[in-house]
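In: Predicted model and sequence follow; I will ask about them next.
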Amino acid sequence: MPLSIQNLTKTFQGFSALDAINLEVGDGEFLALLGPSGSGKTTLLRIMAGLDRPDSGTVDFDGEDFLAQTPRQRRVGLVFQHYALFRHMTVADNIAFGLKVRPRAQRPSKAAVAERVSELLRLVHLEGLEKRYPAQLSGGQRQRVALARALAIQPRLLLLDEPFGALDAKVRRELRRWLRHIHDETGVTTVFVTHDQEEALDLADRVAILNAGRIEQIASPLDLYQRPASAFVHDFLGGAVQLPGQVSDGELIVEGWRTRAPDGAPTGQVILGARGEDLSLADEGLETRIVSVSPRGFRTRVAVEIKGHMLDLDRPAHDPISDLAPGRTVRLRPDPIQLFKA
Amino acid sequence: MSAARRSAVRGAAPFVIGVGVLWLALVVLLPLGMVFAEAFRRGLEGFLQAFDEPDAWAAVRLTLLVAAISVPLNALFGLAAAWCISRYEFRGKALLTTLIDLPFSISPVISGLVWVLLFGTAGWFAPLLDALGVRVIFTVTGLVLATILVTLPFVARELIPLMQQQGADEELAALTLGAGPWAIFSKVTLPNVRWALLYGVLLCNARAMGEFGAVSVVSGHIRGLTNTLPLHVEILYNEYDFVGAFATATVLAGLALVTLLIKSLLEWRFADELAATRRH
Amino acid sequence: MFDRRGLLLSAGALAAAGCSPRGGGDAGAASLLNVSYDPTRELYRAYNTLFATHWRDTGQGDATVEQSHGGSGKQARAVIDGLQADVVTLALAADIDAIAERGLLRRGWADSLPDNACPYTSTIVFLVRKGNPKAIRDWPDLVRPGVQVITPNPKTSGGARWNYLAAWGDAIRRPGATEATATAYLTELFKHVPVLDTGARGSTTTFVQRGIGDVLLAWENEAFLAVEELGADKVDIVVPPFSILAEPPVAVVDQNVDRKGTRPVAEAYLRFLYEEPAQVLIAQNYYRPRNQAVAQRFGTRFPQLELATIGDFGGWTEAQAKHFADGGVFDRIYQPSGA
């Protein structure tokens, strides 16, 4: 049951939050919306959930006009960053809420509701906690209850708004794995908003990168990483420097380094994006100063500076770069050479 | 903090606490004690004599009636206003918030006088009221209006900061789960604010029962009919029946103490729930 | 009782379903509202019982009279604003005139009853501390250094206006007196007043209960009542050689009684004040009765003294306009005392 968004636009008091967004999500797909704060990803999610209306554009789900439906009709499950659990209700009542507020005709019996609650508690590994109150749970537990609550209504679409943002790193990683597992088990179409690129790349089938209300690129994590469509995408997926340069007559000149431009490179003013792992010691390359070397067991972190840009390299302990002394100047050469039109 | 400073602060603690207790004793306990002492100056019999008068009971009934009407109305208003202010942006929101605080800043006498100017026989609405054959000022209706105005802010002021702080997330979650507006209100909003609501209602009630200035202006002081307890106390005092005045005042003090007792009992009984609500 | 039904109606409808004491509705039972001035509480409590008995004994049925008390001017304003008085028994004619001016009662009200519609009179005397330590005997003593005088506010209290006029009357009759000297005397007098209450009763309480001031300018009846209630061991009455004949009038509020259908009871209520049993009650409550025979019986209670009347001031209309209206003499001379 695909979700199809066409030409969606939303402005807030002159500020353009979403600008002609086009997006398709396949049945059962796990899509991540990734971008910096203010890129519009939360706005997009809220419109999908029915908490906001776009200024123009359409949102269709399974051929039905979503925008014409009430939240109840849409059957969308929404998980908030700060859980939004009903603080005065027990875990069981929280999960059962969506079932209990159905009109009489569609409401399941008490027994059926209890059954479903137990089933969901098992799914999220929180059996035995029915009678607890949210205040008595840890952050990770609360988020699992929130997810169970959203799943209780058997949603056609599951939306998660930076659900692990309020949790510490270890719990975040655990829940990440677990969320993917739940998705695979239930097969529900899922859209997941985050600003953490590691999370997005780890979890999603496809990732849509948003920047200032526009979609920069939608692709699988690997494609995004290896074939970024723009300097923004390249930079956002982290750990890179971006250096201005020029391409003319097949030759690339970047910060005093000349080399042959790769096939298909844009001409004129360009930006060279170089990730830490793309760089290796060479006779010819970018002039680099070693700032500090921090051994950490099997790996070593080397902080370097290239023409005023700081970069951290993460190398195995036996890598030649790890042996360099701080203060030395060497030449590092990127491979592959990623170029974007400036 | 240095060790010397810390011990200085520690040493100062008994003094500061002492000042606080002394102040409280002088300003609250002593007058309260005087009320009871004066009320029983002629012994239990003297005390009970004050309640022989039917006017006294009429005053009690009237006070309870006025409170019973004003407090629920202001509770409803407080809920509605807090809802609007905390959940929506609209033009005039700041003005509304200021207006809600207005009864606090104007003298209670003015709060009463405005009703006379509106609904008195020389007032703005006089022709309309005349045509309808309706009287407002110097009747119980006027008393209720004056009391409503004076106690307007109490519930709203308790609810607004709480609802602003709680945010709309839970309500939005309920919306996406398919709840209709009434279900959202009764199952999510109301339970989340019930303690603040209760506290606001108690404050509102205390003030409604004890209000003097505004009520005095619109009352007409008709003995046995439009005198609330505080007005009745004034009458007794003016008739040199000092024991009677203080005895009646103990009823007011008693009502206030009962209110506080109920609040404490509820807080104690539902302590866990209270902590859970607050911590979120 | 009739009001309870009205109360429930207005509570339910949340609208201004007016409530007021209804009269004459039920067969044989009548209800009146008597809006009175401050010191008459005890008098009317007794009189209402007397009247109710009389009304029942003459086969007219039950009569309940509700009372409201306060400063005379304040009460008059309340009636104008809609307080549903059947009768008004106020401190001075000017206040009833004010009500008549609004059309609530007819202008010739003073002619409807004997003695300019004043069934009782009083005068202004001094109430001093026991033993009269400051030796206050006459009006000039009030402005001696160190003497603090208690009087209510002429703007709201009828008694206060009688006080003021008595003081003025004394000042203006002194040899060589002029308007200027009288004004100067009153200016000085009010400088000696630390507290201005709204009504006569409030001033009495201030003087006796709170112990403020050296002399209270009071209605004669108030002074007697204070002695009786608060102790002859605390205060003394000093009757100055000269004072004013205070004539508190009574009137039926035509518009209200006609609407409520209570005119017969209301008129009878006021007329009965002139009858002997009522006059005795009046004297017992320290008011000077009109009935000479009754006055004789209480002879020693009410000393003789030289009395001016309101006529000497050109009547209330002129006195009110000159002294108490906005911008009048009182407004010009009164500065709130720093005391």
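Out: Everything's here; your move.
In: What ranges in the stretch 101-250 of chain B fall below the confidence cut-off?
Out: Counting by pLDDT under 70, the stretch 101-250 of chain B shows no low-confidence range.
In: give me the residue from it nearest chain C.
Out: Proximity of the stretch 101-250 of chain B to chain C (C-beta to the nearest C-beta) peaks at residue B:135, 3.0 Å away. Bear in mind the C-beta positions are built from the backbone N, C-alpha and C, glycine included.
In: Would you check how far apart that residue and residue B:61 are?
Out: 20 Å (C-beta to C-beta, to the nearest Å).
In: now do residue A:81
Out: Taking C-beta to C-beta, one finds residue A:81 at 54 Å from residue B:61.
In: Those two: which is more packed in?
Out: More neighbours surround residue A:81 than the other of residue A:81 and residue B:61, with 19 against 14 (other C-beta atoms under 10 Å in any protein chain shown).
In: give me every residue that touches the more buried one.
Out: Neighbouring residues of residue A:81 by C-beta atoms under 8 Å, 6 or more residues apart in numbering or on different chains: A:161-163, A:165-166.
In: Look at it and report its pLDDT.
Out: Per-residue confidence at residue A:81 stands at 87 (pLDDT).
In: now it: how far from residue A:26?
Out: Separation of residue A:81 from residue A:26 (C-beta to C-beta): 25 Å.
In: Quick check, residue C:164 in contact with residue C:186.
Out: Yes: in this structure, residue C:164 is within contact of residue C:186 by C-beta atoms under 8 Å, at 7.0 Å.
In: got any residues that touch both of the two?
Out: residue C:330.
In: more neighbours, the two?
Out: Taking neighbours as other C-beta under 10 Å, residue C:164 and residue C:186 compare with residue C:164 leading, 24 against 21.
In: which residues touch the nearest residue in space to residue C:121 that is not next to it in sequence?
Out: In space, and not counting its chain neighbours, residue C:121 is closest to residue C:288: 4.7 Å by C-beta to C-beta, 6 or more residues apart in numbering or on different chains. Counting by C-beta under 8 Å, 6+ apart, residue C:288 makes contact with C:120-123, C:220, C:295, C:302.
In: change it to 7 Å
Out: Applying C-beta atoms under 7 Å, 6 or more residues apart in numbering or on different chains to residue C:288 gives the contacts C:120-122, C:295, C:302.
In: Which member of the residues you listed is positioned nearest chain B?
Out: Nearest to chain B out of the contacts of residue C:288 is residue C:122 (C-beta to the nearest C-beta; 18.4 Å).
In: okay, the helix or strand that that closest one is a member of in PDB with CA atoms only?
Out: In this assignment (DSSP states H and E), residue C:122 forms part of strand C:120-129. Only the C-alpha atoms of strand C:120-129 are listed here, as PDB (Å, rounded to 0.1, in the frame of the first residue of the first chain):
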ATOM      1  CA  TYR C 120     -39.500  61.500  65.400                       C
ATOM      2  CA  THR C 121     -36.700  63.800  65.700                       C
ATOM      3  CA  SER C 122     -33.300  63.900  67.300                       C
ATOM      4  CA  THR C 123     -30.400  66.300  67.800                       C
ATOM      5  CA  ILE C 124     -26.700  66.300  67.800                       C
ATOM      6  CA  VAL C 125     -24.800  65.900  71.000                       C
ATOM      7  CA  PHE C 126     -21.200  65.200  72.100                       C
ATOM      8  CA  LEU C 127     -20.100  61.800  73.300                       C
ATOM      9  CA  VAL C 128     -16.900  62.100  75.400                       C
ATOM     10  CA  ARG C 129     -14.700  59.800  77.500                       C
END
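In: could you measure the spatially most central residue of chain C against residue C:127, distance?
Out: Geometric centre of chain C, nearest residue: residue C:91, 3.0 Å, by C-alpha atoms, centre = their mean. Between residue C:91 and residue C:127 the computed distance is 18 Å (C-beta to C-beta).
In: show me what contacts the closest residue to residue A:332 other than its chain neighbours?
Out: Leaving aside its chain neighbours, residue A:332 sits nearest to residue A:279 (4.2 Å; criterion: C-beta to C-beta, 6+ apart). By C-beta under 7 Å, 6+ apart, residue A:279 lies in contact with A:313, A:332-334.
In: Tell me the first helix or strand C-terminal of the longest strand along chain A.
Out: Assignment by DSSP state E gives strand A:279-296 as the longest strand of chain A. For strand A:279-296, the succeeding helix or strand toward the C-terminus, using DSSP H and E, is strand A:299-306.
In: Mind listing what's buried along that following strand?
Out: Residues A:300, A:302, A:304, A:306 are the ones in strand A:299-306 that count as buried (16 or more other C-beta atoms under 10 Å in any protein chain shown).
In: any idea how far chain B is from the last one?
Out: It refers to residue A:306. Distance check for residue A:306 against chain B: by C-beta to the nearest C-beta, to the nearest Å, it reads 44 Å.
In: Please look at that residue and residue A:286 and confirm they touch.
Out: Yes: Residue A:306 is within contact range of residue A:286, at 5.3 Å (criterion: C-beta atoms under 7 Å).
In: Spatially nearest residue to the residue in the stretch 101-250 of chain A that chain C sits nearest to, not counting backbone neighbours?
Out: The minimum distance from the stretch 101-250 of chain A to chain C, using C-beta to the nearest C-beta, falls at residue A:101 (31.8 Å). Closest residue to residue A:101 apart from its sequence neighbours, by C-beta to C-beta, 6+ apart: residue B:179 at 4.2 Å.
In: So which elements touch the helix or strand that contains residue C:294?
Out: Secondary structure from DSSP H and E places residue C:294 in helix C:292-297. Where contact means 3 or more C-beta pairs under 7 Å, 6 or more residues apart in numbering or on different chains; DSSP states H and E, helix C:292-297 is packed against helix C:276-284.
In: Show residues contacting the helix it packs on.
Out: With contact meaning C-beta under 7 Å, 6+ apart, helix C:276-284 is reached by C:43, C:46-47, C:50, C:120, C:272, C:289-291, C:294, C:298.
In: If you count neighbours, what's buried in that helix?
Out: Residues C:278-283 are the ones in helix C:276-284 that count as buried (16+ other C-beta under 10 Å).
In: Out of those residues, which is nearest to chain A?
Out: Distance to chain A across the buried residues of helix C:276-284 (C-beta to the nearest C-beta) is lowest for residue C:281, with 66.9 Å.
In: Kindly reformat the buried residues of strand A:299-306 as CSV containing pLDDT.
Out: CSV is the format used below for the buried residues of strand A:299-306 (pLDDT from 0 to 100):
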residue, pLDDT
A:300, 88
A:302, 89
A:304, 89
A:306, 87
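In: Just send those back as TSV, with distance to chain C too.
Out: Shown next, in TSV, are the buried residues of strand A:299-306 (distance: C-beta to the nearest C-beta, whole Å):
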residue	distance to chain C
A:300	79
A:302	78
A:304	77
A:306	77
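In: Thank you, goodbye.
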